[in-house]
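Novice: Test case, fold it:
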Amino acid sequence: MPSDVNKTPPRPPAPARADKTAAPMPSRKFPIVAIGASAGGLEALAQFLGHVPVGCGMAFVVIQHLDPDHKGMMPELLQRTTLMPVMQAKNRIKVRPDCVYVIPPNADLSILHDSLYLLEPIAPRGLRLPIDFFFRALADDRQEQAIGVILSGMGSDGTLGVRAIKERGGLVLAQDPASAKFDSMPKSIIDAGLADIIAAAETLPQRIIDTLHLQQPAKLAVSDVESVDQKSAFDKICILLRERTGHDFSFYKKTTVYRRIERRMAIHQLARIGDYVHHLRENPQELDLLFKELLIGVTNFFRDPATWAYLQENTLPDLLAATPPGTTLRAWVAGCSSGEEAYSLAIIFRELQEQRKPHERCSLQIFATDLDPDAIEKARRALYPANIAIDVSEARLKRFFVEDGNSFRVAKEIREMVVFAPQNIIMDPPFTKLDILTCRNLLIYLGPELQKKLLPLFHYSLKPGGILMLGSAESIGNFTDLFEPLESKARLFKRSNSLLHPDELEFPTRHFPTKAAPLMEPKPETSTANLQTLADQLLLQKFSPAAVLVTATGDLVYINGRTGKYLEPAAGKVNWNIHAMARDGLRQEISLALPRALRSGESVVSSNLPVDHNGDTQLVDLTIFPIQEPAPLRGMAMLVITDVATPSEVVIETGKRSPRRAQRELDLEKALAQAQQEVQRLREEMQTSQEEVKSASEELQSTNEELQSTNEELTTSKEEMQSLNEELQTVNVELQSKVDELSSANNDMKNLLNSTDIATIFLDNALHVRRFTTQATRLFKLIPGDIGRPLSDIVTNLTYPNLQIDAEQVLNTLAFSDREIGTTDGRWFQVKIMPYRTLENVIDGVVMTFNDISRAKILEKELRAVGKFPKAEPSSHG
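Specialist: Sure, this is the predicted structure:
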């Protein structure tokens, strides 16, 4: 771009806010802002870049869906909106702050160590996802300094990319869908819960700058010694989260939690963590947003492809070889997020089964759990955007997915292999008797205490020889006696046969708070209170009986003591109900005694119940206490289970009958009474169920009619949309033809003007520059960025002070002007000013031509010198 040092006056900025300067970024590596846009993106990009302050210290990389067969004009179009230099990205170009780089057509753009690289697209035209591709590369290269902005566009390109940026701690912004011409792309990341800031395109630059500046002084990185105020505020936030969601984040890695808190503080422009605590208490909805922020599950299909390849080619074949045909294997995917990993496991297992003979095949039941109920709901829908084609091969897309509009849905045969359920892996009992357990990229967010608790639990859950699969940044720590490495780089481990000491295994207990306690300031505990607490804990752990608190329907609310001998999680979908978890011998008695105790309001005691446990029989006493006080527990029941010593001999005197026969008759009478009670209860339940089924049948019939009506409406809408799409395609072809004609005419006019070697300038009605030829730059200091500026602001070599006045006169009188004007360097030009007429005969500005007559003037001067040319009158214009 030419320098404007000699220009007087200096060129004013074109955009409305570009003259505002921003304080420079802190003295560290500058942020890089990746901007993704598609349909309708040019206008949004102009609004965004036009409001970027001068000297903001950030670099901008624009990624847009471009026609691969046409030369890119985006840099020239965007240069009109900003004072920052705009250039097309080139291979190995170094990214600099306060510059704009635009992706070229027919190329994928990546970044490594702040240098841009152009790659040849692999995906066929129509399936390319350049925004996702670059956003992922930027997240890997710049980590928390990566910033992603999604503007107007169709489809969902960019969603996977911003997930990667969120995982690295970067900032994600989306244009407000209401202000976007096409809202599909912004809505995609907003619906996925990935957008930190949502605003109109013109306000996004200032929001980025404000967030980055506030993020520096508010840095909350945990140091070796935490301040008292900082720890107190952190504890209060954990308490508020626990009250709101029922989940305790105090044992998560503090660096992770602090980083999420820091981002939320920066978004709300809060400088102190204490102010954020106050904001949380006044705005409970912010707790939900912070909870979502802490649960950001960044995953994709076949993440770490080398790991999945090793699992499919080595680990699973060995496991299947040791498994009898027809066996159902069990797998647990802990922290499954939106389901990609669970479905990936199902796909590679199905591919392995298809390679085996039918009589040699096994089946796989996958249990996938996560803390986030919204993620579980998304996983159950099994509907994913089209950009999963980046991670899933074309063969797998055709075999295991079904196209659903602009998305892909997992095939039914794969969905049926996976059961999804919400679960807190820290508080809820685990699945057991597993052959495969995957827990990838979850442990890295947990503190050392939780990691030491979970790894023995994983050993307990797996069968001997079971497979444990961890994330690339995770390890088994000091538990090398529990797991044997299969492939260290892939983080695959095999459960060893070593026995787990009971003290090493802490079985989770679930406690649902019945009523949120008000947030109180922490008070220092006295030594007496500590002593009492320790004594209470000792009594509960060593001497109190096993007990569970249940609701009227049998759902578990609280577990005390060791209940493993009496309760066991049922196989299949997670079900925390006493009727499903009770072992044989207890289940029948609980189903009879619990309703009886709740109806009567009195305790029910059942003695000498035989309970099966690992092939042995243990006699227990069951006591059910219905609860009336306190009020929050009213309607619940406490089940207390105590072991009974097995008598060595039972002696019963009943006449001439033998003791064994008498005992047998008593057992049969007791069993008969229980059976009669159960039959009566089943009759009552059956009658109630019949009424419910009848009501449900009527509701289903009504729903079916509504669905039929909706289906007809959808069919009609589909036909209308198909017709509209065909019309739009036709219009698009016509518009493309018009653009080609206009481009051809524009080329003809440019060559015509250049071939005349006459400087020409076109002005609008306000005498602002509309267009100029290359020759005009010899007389005026014009550059492409001067389009739209007043001609009077441009420096010229002409000694023509009345140029503006003559142009206005021509515009008013429509009479053309013709003058001979000299320049400061001795040249002469014939200046003609004429009205600019459109094809509709409308005056829309003026046209100035500058014809070089210097040679004629020199000849005229020489003729006058020899007296062969009449002496001319002096010109008023020099």
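
Novice: Three-state assignment for Pro430, please.
Specialist: coil (DSSP: H, G, I helix; E, B strand; the rest coil).

Novice: Ramachandran coordinates for it?
Specialist: With angles defined as degrees, to the nearest 10, Pro430 shows backbone torsions of phi -90, psi 170.

Novice: Please tell me I have it right and it contacts Thr369.
Specialist: No - using C-beta atoms under 8 Å as the test, Pro430 is too far from Thr369 to be in contact (9.3 Å). Bear in mind the C-beta positions are built from the backbone N, C-alpha and C, glycine included.

Novice: what's in contact with stretch 402-420?
Specialist: 155-156, 336, 339, 342-343, 346-347, 349-350, 363-370, 376, 379-380, 382-386, 388, 397, 399-401, 572-573 (C-beta atoms under 8 Å, 6 or more residues apart in numbering).

Novice: Which members of the residues you listed occur in strands, if any?
Specialist: Ser363, Leu364, Gln365, Ile366, Phe367, Ala368, Thr369, Asp370, Leu383, Tyr384, Pro385, Phe401 (DSSP state E).

Novice: Please name every helix or strand in contact with the lengthiest helix in the chain.
Specialist: The residue-count maximum for a helix in the chain (DSSP state H) belongs to helix 659-756. Applying 3 or more C-beta pairs under 8 Å, 6 or more residues apart in numbering; DSSP states H and E, one finds that helix 659-756 makes contact with helix 587-600.

Novice: for the record, mean pLDDT for the helix it packs on?
Specialist: Across helix 587-600, pLDDT averages out at 85.

Novice: what do you get for stretch 484-503?
Specialist: Averaging pLDDT residue by residue across stretch 484-503 gives 75.

Novice: List the neighbours of it that are in contact with it.
Specialist: Against stretch 484-503 from outside (C-beta under 8 Å, 6+ apart): 304, 306-307, 310-311, 314-315, 440, 456, 459-460, 462-472, 474-476, 481-483.

Novice: In PyMOL, how would I select the buried members of the residues you listed?
Specialist: Restricted to buried positions by 16 or more other C-beta atoms under 10 Å, the PyMOL selection for those reads:
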select buried, resi 304+307+310+311+315+440+456+459+460+462+466+467+468+469+470+471+474+475+476+482+483
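
Novice: Among the contacts of stretch 484-503, name the ones in helices.
Specialist: Ala306, Thr307, Tyr310, Pro456, His459, Tyr460.

Novice: Can you report how many residues neighbour Ser461?
Specialist: 22 (other C-beta atoms under 10 Å).

Novice: surely it meets Thr438?
Specialist: No - with contact defined as C-beta under 8 Å, Ser461 and Thr438 do not form a contacting pair (11.7 Å).

Novice: picking that back up, could you check the angle helix 659-756 makes with the helix or strand that the longest helix of the chain is followed by?
Specialist: For helix 659-756, the following helix or strand on the C-terminal side (DSSP states H and E) is strand 759-763. Angle, strand 759-763 to helix 659-756, by axes from the mean of the first three to the mean of the last three C-alpha atoms, to 10 degrees: 130 degrees.

Novice: 59 is where my numbering starts, stick with that
Specialist: I'll keep to 59 as the first residue from here, and by that count the last item is strand 817-821.

Novice: can you give me how far strand 817-821 is from the chain middle?
Specialist: Averaging C-alpha positions (C-alpha atoms, centre = their mean, to the nearest Å) puts strand 817-821 52 Å from its chain's average.

Novice: now the next helix or strand after it: mean pLDDT?
Specialist: The helix or strand immediately downstream of strand 817-821 is strand 827-830, counting by DSSP H and E. The average of the pLDDT scores along strand 827-830 is 90.

Novice: ok, strand 827-830: who's next to it in the sheet?
Specialist: Strands that pair with strand 827-830, judged by DSSP bridges, come out as strand 817-821 (antiparallel).

Novice: what does the strand it pairs with rub up against?
Specialist: Counting by C-beta under 8 Å, 6+ apart, 811, 827-831, 833-834, 836-838, 849, 865, 887, 894, 903-909 sit against strand 817-821.

Novice: Narrow these to those in strands?
Specialist: 827-830, 887, 894, 903-909.

Novice: Output the ones in helices among the contacts of stretch 542-561 in TSV; the columns should cover distance to Pro162 and pLDDT.
Specialist: As requested, those are exported to TSV (distance: C-beta to C-beta, whole Å; pLDDT from 0 to 100):
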residue	distance to Pro162	pLDDT
Ala364	32	87
Thr365	34	88
Tyr368	38	89
Pro514	55	85
His517	54	86
Tyr518	56	85
